[in-house]
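>>> Provided below for reference: sequence and predicted model.
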Amino acid sequence: MMAALYDPIEWTEKLMTGVPEIDNQHRVLVDSINEANVRLMSDHDIKLLEQITKDLLSYAIYHFETEEDLMQQMGYEHKSAADAQLHQKQHREFSAQVIAVRDGLRDGKAISREDLLSFLNGWLVSHIMNTDQRLGAFIKQKRNTAAATQ
Amino acid sequence: MQITQFLKLINSRAGYVAAFLSLLVGALALLPPPDPLTAKAVFPATHALLEIISVIIGSAIFVLIWESRHHRSSGTLLLGCGLMATVAFDLGHLLSCPDMPDFFTPNSMEKAINFWLAARFTLTTSLLVYALGHGRPPLPGKENRSSLIFGTLGYFLAVSAIILAYPAIIPATFVPGIGPTALLIFSDRLLLILNLLTALLIARRYLVKQYSSDLWLAATAWVLALASAFLTIRATASPTYALLGIAYKIIAYLLAYWALVSSIIRQPYEKLASESRRNRTILETALDGIHVVDMNGRVIDTNSAFAGMLGYTVDEMLKLHVSDFEGTKTREQVAEQIEAIRQGDRNTMFETLLRHKDGKLIEAEVAINLAHLSDEEFLVVSARNITDRKAADSLRLAGEVFKHAHVGLLITDNAGTIVEVNPVACEITGYEYDELIGKNPSLLKSGQHTADFYEEMWLSLCNQGFWSQEICNRRKNGELYYELLSITAIRDHTGHHINYLAVFSDITQRKIAEDQMRKIAHFDALTGLPNRLLLADRLDQAIAQHQRSSASLAICFMDLDGFKQINDTLGHEAGDLLLKEVGARLQAMLRGSDTVARLGGDEFVMLISGLNSDEECIQALERVLHSVRRPYFLLGDTQSEISVSIGVTLYPADNADADSLMRHADHAMYAAKQAGKNCFQLFDARMEQRLQARHDTLRRVARGLTAGQFQLHYQPKVDYSNQQVIGVEALIRWNHPILGNLTPNEFLPLLEDDDLALALGEWVFREALRQGRQWESEGISLCISVNAFPRQLQRPNFPGIVAKAIEDVWPEMAAGKFMIEITETAALRELDSIEKTIQACREQGVAFSLDDFGTGYSSLSYLRQLTVDELKIDQSFVRDMLTDHEDLSIINGLLGLGHAFKLKVVAEGVESAEHVNALLRLGCYCMQGYGIARPMPAEKLVPWLQEFSQKTQRN
């Protein structure tokens, strides 16, 4: 049962949104988390954890910007304001969570590897498979319409 | 006369005739005489006929001689006159015969015989004189030879007159009824002997002088002797013999005719013909092209040399006009030139171009001679083909150039065998002439070039016929030298390569100089290691080597950790020594094929080639890390330590170009720094993507800074001992255009290691100062504190930057109105230099606060070294102090430390009234936190201050 937590996230069709730039970035996120998984197995010092959270946050912000930029460009909130808000909220929550973990680490309140990974894996997989899929479907449809009208 | 000479005489046409007639005489002497009666009947007519024939032939001979009298020898002329007289006497004899009508006087046998004797003696004497006089008796001059005819006529008339008028004075020669007298018989025998003698004399002369006419004349005399023999021996026997005698006489005349024709007519013609043949032979033997041209320019004669020169047959030549083969002149110009020569133009020797039948031009030297023959004028032209001479001239010139050129010249045949070299080539290569000829130039090979190099050379020679390169060769003495070599393929007219010409000059000296220049240009002056330029070169080579190799090339980007600190604390001299030592240690660990280069500063790059596994690479890097970490003794006994962060990428697994490989290694190095330094990181593609993301984010921060997306919020610090606001902490916010408001927590960690932190940090300083000045002008006096990035503090000129900002923004700022908060961990890292910075800034009236206090070592010793004004207890202790006793006691301890050093202590992270009360109980009066006030924009602070003031007054 515990093994599930340690397993790397497998990149599958189910995780793909069909929007190339989003999928590419998701892969990087998935790889980063898998890499953190491997590194934390052999080394569990605070510095490494800090570095991982910092890198993760750094890339997450970059990625969120990409997604939210696409949302604005495509007018996602007009189609589904609730979805758009939920999506942004999940992004903020992720950042806040990671910052909390980092601050906790700095304050000497080390998070366990299991906790960190279960949070990261859980958030990423559920976000990608749900919230991002809806955004992906919307973007694809928009693009197809745009291509058809050209 | 020897027998061989006699045989020689016989063995000729004249000899055969003479011999045959002699044998015939012999034969007739043996045969019985023919019937005398029959002979007698036909005698008169036959006799007359034969005599007439002899007269005609004799006359003809005379005419022949007489007509050519000016060209004949005197002997021949005398003989001719004698013959004429003889003919006249023979005619007298015929007319005096008894059966003929009387001739002046009554005819008689004796009268006829007297004429006959006169004729015989005259001819015999003439021949004898000819024979004795060697053909050249003294005679009047050639102009006066006509007088001879009168002499001859006189002689004839005189003798005829005696015979006709005075027969009595002549001794009796024939007595009718008795027959010939003794005198007549004697005369006949004398004539026989004289003729034989004459024949022998002339024959002898022939043997000496070889005039063919003499041979015939000798035969003439011989046959005359035979004719006499008929009469002498057998005349009485039958009149037939008398007729045979006359026939022999006719034959003798014919022989004489032949002799004289041969000398008078045939010989001159033969001579002419042979001279003509000789001239023709000379003409034909001449190597020059000799031809004769008429004044119209038509060729009227040519030798075959000229025809051959122009590729025509002689017959074809004779149909040509000069303009047909003169390559430089039109028909009109040829006519003009001929006219000019006729007018006496002396320019008759010149060089011109002649056109060969096939159209090719021939360089020729021409000499023209204007010749006259009778009335006719024509040009004799001699043309000489000087193409070869010209070619030889230029060849000779080429030879001289070849010999004296100041470059090495070497010619091979198409198989590459050396056929010629010049002295400079010998000098450069160190080989003697004979040692090079017949060899292949490969004997000069140095072994410094690959087979590909030579293959490319041949390819270029085959395709372009030319190749030029700098090449390294080996002299005879083994020394290497450099030459600039150009090879040109020489083709024949079919385009096949027949020779190769190599032109080369020794550029060894230049190469050495260039090498020195290159060394200067390619090596780092401090460490002696290759510099960036040479590294690029080596990297290209290494990439090429590993392209098809299963082994890997490691590109290791290295950056020393904390080098700046050593430079700052120990000085540049020590820093330089350290760099040299690091370079030496890296160099010592490498194999010959590897490279270590210094890019500048404390950056090095290593290229490790031929790695067969990742493990091998990792081991090598571990050794490098270990080696660099060993202590350094730089100045005196001071021991220093340093470590290195290494970023590695492996080619060809990372199949990128040289620039990208360097960038990847650099990024991996960055990752190594991130991962805590003193380690190495392998590059991977995801890392690249993440770094790309990071760069993008940083770019956006930079853009945001110029676009005014950043803003300061201020959070008050309150002193509950006197209910005063003691200051505000400026906290940055990013109004991200997409993500909205971002807190410093979210984006500041991304900047920490980038120079962007410096720009952003400075902006914060200036913005805070600006706000402080504005509040001050509004009557609000507050101490504004700002957070400094550790990176800012590390700048050597940080105090200067702060001073400049104050001077620019708030020059009249009072001391204590501006405070810089330093995190404890940052301060601890470089304690000495931070303290120096603090001291320098304090002189500008800047105060300092130690942030996040308690998270580091928080020891007495360093607190003593740092001159700060304020300690801020880290919020993590405050947050949990209500539940966590440990935290509570830590706060207690920290408060004690602060009080001990007489520092103001501020508790951060105060979230509730409970926190406030608990802290007050502990004796901590200064606080900051959400529980008191959230960070707020500047415009909200003033209302808040009023509210706070009213609230405290109420209390």
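Right, received. Where do you want to start?
>>> Just give me the residue right at the centre of the chain.
By default, I'm working from chain A. The centre of chain A sits closest to A:Leu124, judged by Cα atoms, centre = their mean, with a distance of 4.4 Å.
>>> neighbours around the residue in chain A that chain B sits nearest to, how many?
Chain B sits closest to A:Asp107 of chain A, with a gap of 3.4 Å, by Cβ to the nearest Cβ. All C-beta atoms are positioned from the backbone trio N, CA, C, and that covers glycine. For A:Asp107, the neighbour count with other Cβ atoms under 10 Å in any protein chain shown is 19.
>>> give the contact list for it.
Counting by Cβ atoms under 8 Å, 6 or more residues apart in numbering or on different chains, A:Asp107 touches B:855, B:874, B:876.
>>> where's the first one relative to B:Glu870, distance?
Look at B:Thr855 and B:Glu870: by Cβ to Cβ, to the nearest Å, they are 16 Å apart.
>>> residues from chain A in reach of chain B?
Residues of chain A that fall close to chain B, judged by Cβ under 8 Å from any Cβ of the partner chain: A:24-25, A:27-28, A:31-32, A:35, A:47-48, A:51, A:54-55, A:57-59, A:61-65, A:68-69, A:72, A:91, A:95, A:99, A:102-103, A:106-109.
>>> rerun that using 6 Å as the cut-off
Applying Cβ under 6 Å from any Cβ of the partner chain, one finds that chain A approaches chain B through A:28, A:31, A:47, A:51, A:54, A:58-59, A:62, A:65, A:68-69, A:95, A:99, A:107.
>>> Which of those residues fall within helices?
Of the residues of chain A next to chain B, the ones assigned to helices by DSSP state H are A:28, A:31, A:47, A:51, A:54, A:58-59, A:62, A:65, A:68-69, A:95, A:99.
>>> Need the max-distance pair from these.
Greatest spatial distance in those: A:Lys47 and A:Asp69, 32.9 Å, computed using Cβ to Cβ.
>>> Identify the residue nearest residue 69 in space, chain neighbours excluded?
Just going to use chain A. Excluding its sequence neighbours, the residue lying closest to A:Asp69 (Cβ to Cβ, 6 or more residues apart in numbering or on different chains) is B:Ile738, at 5.2 Å.
>>> look at chain B instead
Per Cβ to Cβ, 6+ apart, closest to B:Arg69 is B:Arg145, 4.9 Å.
>>> I'd like the distance between the one you found and B:His71.
Per Cβ to Cβ, B:Arg145 is found 11 Å from B:His71.
>>> One more: A:Thr66?
133 Å.
>>> what do you get for B:His493?
The value you get for B:His493 to B:His71, if Cβ to Cβ is used, is 61 Å.
>>> about what we covered before: pretty sure A:Glu65 is one of the things the residue nearest to A:Asp69 touches, is it not?
Yes. Between B:Ile738 and A:Glu65 there is a contact under Cβ atoms under 6 Å: 5.3 Å.
>>> out of the two, which sits in the busier spot?
Taking neighbours as other Cβ under 10 Å, B:Ile738 and A:Glu65 compare with A:Glu65 leading, 19 against 15.
>>> Secondary structure class of the residue in the stretch 251-400 of chain B that chain A sits nearest to, three-state.
Here the stretch 251-400 of chain B gets closest to chain A at one residue, B:Gly359, 71.0 Å apart by Cβ to the nearest Cβ. B:Gly359 carries the three-state label coil when classified by DSSP: H, G, I helix; E, B strand; the rest coil.
>>> now do the one 3 residues further on
Using three-state DSSP, the three-state assignment for B:Ile362 comes out as strand.
>>> returning to what we had before: what about B:Thr855 and B:Glu870, which has more around it?
B:Glu870 (23 against 18).
>>> So the more buried one is in contact with B:Lys904, correct?
Yes. Shown here, B:Glu870 and B:Lys904 form a contact pair, counting by Cβ under 6 Å, at 4.6 Å.
>>> can you pull out the strands in chain A?
Secondary structure of chain A, counting by DSSP state E: no strands present.
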